[in-house]
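Peer 1: Here is my input, please return the structure:
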Amino acid sequence: MCWSGEASAALATVGFGTAAYVAYKGESKELWVPLTYFACMELLQAATYVYINLCNAPPNQILTLFGYLHIAFQPFFVNMVAMYFIPDEVKRKIGTVVYSICAVGAVAMLVKNIKATIQKIHDTEEIEKKNYNPDDLLKNL
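Peer 2: Predicted coordinates for the structure are as follows:
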């Protein structure tokens, strides 16, 4: 995250403007799509500043999930912009391998998130079954 919500909002604005300009000029999607993706990241980060230190707030949890999903798919866009700068012949040779590795990484992160969510649900159900007082849980930490 940037150092403030305002800085993230400013970077998002510049990012969207730059992406629109690059697309308007007819540049390759390999350049303006990643710019748009990372501008969305900055916009998401600006929104999360509203909910700092409000971990139980549903909007914070949703924005955090979006951030996690953004990170899971980020390698596609980093590699897309990196491959913009290499010759087309090389790009055709390595593109499938590069994006396949990105897909494996994204799937691994999604599986990890699903597994952690299932564990959290299970832990919550166990706590509710035993009628724990939340204050008692804190004492055991």
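Peer 1: Please make it C-alpha for all contacts and neighbour counts, starting now.
Peer 2: Will do.
Peer 1: who's in contact with Asn79?
Peer 2: Val98, Tyr99 (Cα atoms under 8 Å, 6 or more residues apart in numbering).
Peer 1: separation between it and Tyr51?
Peer 2: 31 Å (Cα to Cα, to the nearest Å).
Peer 1: Kindly report the same for Ala10.
Peer 2: In terms of Cα to Cα, Ala10 sits 18 Å off from Tyr51.
Peer 1: immediately after whichever strand or helix holds Val78, which helix or strand?
Peer 2: Using DSSP states H and E, the element containing Val78 is helix 58-84. Using DSSP H and E, the helix or strand that follows helix 58-84 in sequence is helix 88-129.
Peer 1: now for that next one, which elements pack on it?
Peer 2: helix 58-84 (3 or more Cα pairs under 8 Å, 6 or more residues apart in numbering; DSSP states H and E).
Peer 1: Now do the helix it packs on and helix 88-129, the angle between them.
Peer 2: 160 degrees (axes from the mean of the first three to the mean of the last three Cα atoms, to 10 degrees).
Peer 1: can you give me the offset of helix 58-84 from its chain's centre?
Peer 2: 3 Å (Cα atoms, centre = their mean, to the nearest Å).
Peer 1: go on, stretch 36-51?
Peer 2: On Cα atoms, centre = their mean, the centre of stretch 36-51 falls 9 Å from the chain's centre.
Peer 1: Residues touching the one helix or strand Leu35 maps to, excluding its own?
Peer 2: Taking DSSP H and E as the criterion, Leu35 maps to helix 29-48. Outside helix 29-48, the residues that touch it by Cα under 8 Å, 6+ apart are 1-2, 4-9, 11-16, 18-20, 22-23, 60, 63-64, 66-67, 70, 77-78, 80-81, 83-84.
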